[in-house]
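Novice: what's the 3D shape of this:
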Amino acid sequence: MPLMAAAFPILPGKTAEWRTFMEELNGPRREEFLESRRRVGVHERTFLQQTPTGDIVIVTLEGDDPGHAFGQMMSSTDAFTAWFIERATAVHGLDPSQPSSSPPPELVADTAKVPAPVG
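Specialist: All right, here's what the predicted structure looks like:
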């Protein structure tokens, strides 16, 4: 199944706020979160990577067309999406509903494409 990964830096001093955001997604807003991803046909995984230069969120989307699904999720006009975009913008400093001038993530290595050793 196609997979897409993207990294989003967390603004300095905003990791605690990001964790609260994730607690809401995994708690009281869980069903809305799941439904928003089901609606566009993706499975999302989110990772926190702490680095010496700052914290980064790594998001993977898996589905038939994860890039298109991301666009659909971020252009939705429902109340959950508005809340999600507001929270994401506050902790990342960028609005995920706005088109990026950066190229999409590039897959550069995939062990599923490597044949298994013989022997």
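
Novice: confirm R45 sits in a strand?
Specialist: Yes - under DSSP: H, G, I helix; E, B strand; the rest coil, R45 sits within a strand.

Novice: quick one: it and G63 touch, right?
Specialist: No - if you go by C-beta atoms under 8 Å, R45 and G63 don't touch, sitting 11.9 Å apart. For the C-beta atoms, the positions are set from N, CA and C on the backbone; glycine is no exception.

Novice: give me the more crowded residue out of the two.
Specialist: Using other C-beta atoms under 10 Å as the criterion, R45 and G63 rank with G63 on top: 20 against 11.

Novice: find the nearest non-adjacent residue to that one, please.
Specialist: Excluding the flanking residues, the one nearest G63 by C-beta to C-beta, 6 or more residues apart in numbering is V42, at 3.7 Å.

Novice: if I pick the one you found, what's in contact with it?
Specialist: Residues near V42 by C-beta atoms under 8 Å, 6 or more residues apart in numbering: 61-63, 66, 69-70, 73.

Novice: now a PyMOL select for only the buried ones of those.
Specialist: Per 16 or more other C-beta atoms under 10 Å, the buried members of the contacts of V42 correspond to this PyMOL selection:
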select buried, resi 61+62+63+66+69+70+73
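
Novice: which among the contacts of V42 gets closest to G93?
Specialist: Within those, proximity to G93 (C-beta to C-beta) peaks at F70, which comes in at 18.3 Å.

Novice: for that closest one, which residues are in contact?
Specialist: Residues near F70 by C-beta under 8 Å, 6+ apart: 4, 6, 42, 61.

Novice: go with 10 Å
Specialist: The contact partners of F70, taken as C-beta atoms under 10 Å, 6 or more residues apart in numbering, are 4, 6, 40, 42, 44, 59, 61, 63, 96, 104.

Novice: then D65?
Specialist: 2, 4, 40-42, 71-72.

Novice: many thanks, I have nothing further to ask.
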